[in-house]
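A.B. asks: Provided below for reference: sequence and predicted model.
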Amino acid sequence: MIPLLRRPFILLLAILPCALGAAQAARPNILFIAVDDLRPELGCYGKSYIKSPNIDALARAGLVFDRAYVQQAVCSPSRTSIMTGVRPDTSKVWDLVTSFRVALPDVVTLGQHFKQHGYFVQGMGKIYHGGLNDEATWSTPWLTPKAAKYALPENLKLDERQYASADKKAKDGGEPDNTPSTGQNSRGPAFEAADVPDNALTDGKVADLAVATLRELSAKPEPFFLAVGLVKPHLPFVAPKKYWDLYDPATIELAPNKFRAKDAPDYAVLPGAELRNYDGIPAGPIPDDLARQLKHGYYASISYMDAQLGRVLAELDRLKLRDNTIIILWGDHGWKLGEHDAWCKHSTTENDTNAPLLISVPGMTKAGVHSSALVEMVDIYPTLSELAGLPLPAHLEGVSFAPLLDSPNRSWKSAVFSQYPRTQKGGLMGYSMRTDRYRLTVWVSRKDQSKVDAIELYDQETDPQENTNLAADPAHAAVVERLMVQWRAGWQGAKPAANPL
């Protein structure tokens, strides 16, 4: 059944099957907004202390998914799943250095699919991770503006140490790895508040480029797919001072569960080595005063990113493109801000796997509402394809959530799936299943997945912060047994019914 909000597009395409130009004009544009390290801590997610007016306005014009989950809580595997429509075990991307083209040389990416069906596809900022751009995705070469990581000279000097270390390695006869060195305090500071204009930093420059590009695209005859990647609130938490000034640090609350989950395996959540790369961050627990500064920087970075998004959306409106443009905003994973005495991502917890997802489609009848349906970021590819009237490639491992736009709280997936690898015990993979009430994570050997090393069970109804692992509790033995059956059935067994009520 075609959702009501899509029928104008589909009908126009059907009426003019031989007039390619008219058919293309009838197709909606796509504005595809990627945000790095953004957890669902925004005004539109009920966190009124966060100043995110532009994302909140987008939420009022669209649908907010409260329970959207990534396939792996780290940049490249997550973004790969979104852009290819497959899960990490299919793409073989579980790290930050592997290209999906190694395992899937001929896979058609999301952008490539739209390009093959008459769209002009352009990307800027962080869409794929780091240097893993995919040329086949774009109609014109992807680019990202260059900007300094810090505004203050003293911070830039501190940060230069990581590159100097890599250069020294090459001069000493070693192979340069073209990546910054990592290690305890090897980089610049974890945060900065300098009195500089927005476009002194990367996201401001990306917004400048996106605004200019929208003007160019508005003159093209074909519909466009514009991917805009914003990097904040990714570390370091660098934002112009005016965004820091939006928050009173005395009112910033620290994580209420600064401890590891009871009875969980010790490798389930790690302290956050990524944060420890930055200058001034101790190897051990983060003191409360520093934790508050870090959270202040994270919030300021959200507000800075939000302002750049606002500039792009304002230009879309000025050009009168909003009425024929689907806007989707997604975070590549969640983030820990001291929960479980840990920081950053890199786990299967709710903090790390739950990420923001918002979509606004012209003609929506349910704009400004939330959906509690379980959805996955791997579902974005089929959803955008369906909404644009494109055929669905056979390789996709997600499900279009387009029906939820008409009926946000209809019966949907029975579970969603994430995973994360560990090097402990010869190599493990944690496969996590989130149902309506429970999170079950099964840690298995990567060499022999029949060998289970540990199981985690968390009751989201009574323990939403996942503080107590119930897997070994005899009172929950029947629950574990039932969920293990569902877990073994995997994502194929969790699909929604063809015509859910």
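C.D. replies: The structure has been received and is ready for your questions.

A.B. asks: For this protein, give the helix that spans the most residues.
C.D. replies: In the chain, taking DSSP state H as the definition, the longest helix is helix 288-318.

A.B. asks: What is whatever helix or strand comes next after that helix packed up against?
C.D. replies: The helix or strand immediately downstream of helix 288-318 is strand 325-331, counting by DSSP states H and E. Where contact means 3 or more CB pairs under 8 Å, 6 or more residues apart in numbering; DSSP states H and E, strand 325-331 is packed against strand 29-35, helix 53-60, helix 288-318, strand 357-360, helix 380-387. In short, each C-beta sits where N, CA and C put it, glycine included.

A.B. asks: what does the fourth one rub up against?
C.D. replies: It stands for strand 357-360. Contact with strand 357-360 is made by 44, 55, 58-59, 61-65, 68, 326-331, 367, 375, 377, 380, 383, 405, as judged by CB atoms under 8 Å, 6 or more residues apart in numbering.

A.B. asks: Restrict those to the buried ones and give me that as a PyMOL selection.
C.D. replies: The following PyMOL line selects those of those that are buried, judged by 16 or more other CB atoms under 10 Å:
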select buried, resi 44+55+58+59+61+62+63+64+65+68+326+327+328+329+330+331+375+377+380+383+405
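
A.B. asks: about what we covered before: TSV for the helices and strands packed on strand 325-331, including distance to residue 104?
C.D. replies: Listed next are the helices and strands packed on strand 325-331 as TSV, based on distance: least, CB to CB, whole Å:
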stretch	distance to residue 104
strand 29-35	20
helix 53-60	32
helix 288-318	31
strand 357-360	24
helix 380-387	13
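
A.B. asks: For residue 161, which of these is the nearest?
C.D. replies: Taking CB to CB, helix 288-318 is the member of the helices and strands packed on strand 325-331 nearest to residue 161, at 20.6 Å.

A.B. asks: quick one on the thing from earlier: indicate which one of the helices and strands packed on strand 325-331 is closest to residue 189.
C.D. replies: Of all the helices and strands packed on strand 325-331, helix 288-318 sits nearest to residue 189, with 9.5 Å by CB to CB.

A.B. asks: Just the angle for that closest one relative to strand 325-331, thanks.
C.D. replies: If you take axes from the mean of the first three to the mean of the last three CA atoms, to 10 degrees, helix 288-318 sits at 170 degrees to strand 325-331.

A.B. asks: Tabulate the helices and strands packed on strand 325-331 (JSON lines), appending distance to residue 106 and mean pLDDT.
C.D. replies: Shown next, in JSON lines, are those (distance: least, CB to CB, whole Å; pLDDT from 0 to 100):
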{"stretch": "strand 29-35", "distance to residue 106": "23", "mean pLDDT": "98"}
{"stretch": "helix 53-60", "distance to residue 106": "35", "mean pLDDT": "98"}
{"stretch": "helix 288-318", "distance to residue 106": "33", "mean pLDDT": "98"}
{"stretch": "strand 357-360", "distance to residue 106": "28", "mean pLDDT": "98"}
{"stretch": "helix 380-387", "distance to residue 106": "16", "mean pLDDT": "98"}
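
A.B. asks: Minimum distance to residue 490: which of those has it?
C.D. replies: helix 380-387 (17.5 Å).

A.B. asks: Would you check that residue 126 makes contact with residue 145?
C.D. replies: No: the criterion here is CB atoms under 8 Å, and residue 126 misses it with residue 145 at 11.4 Å.
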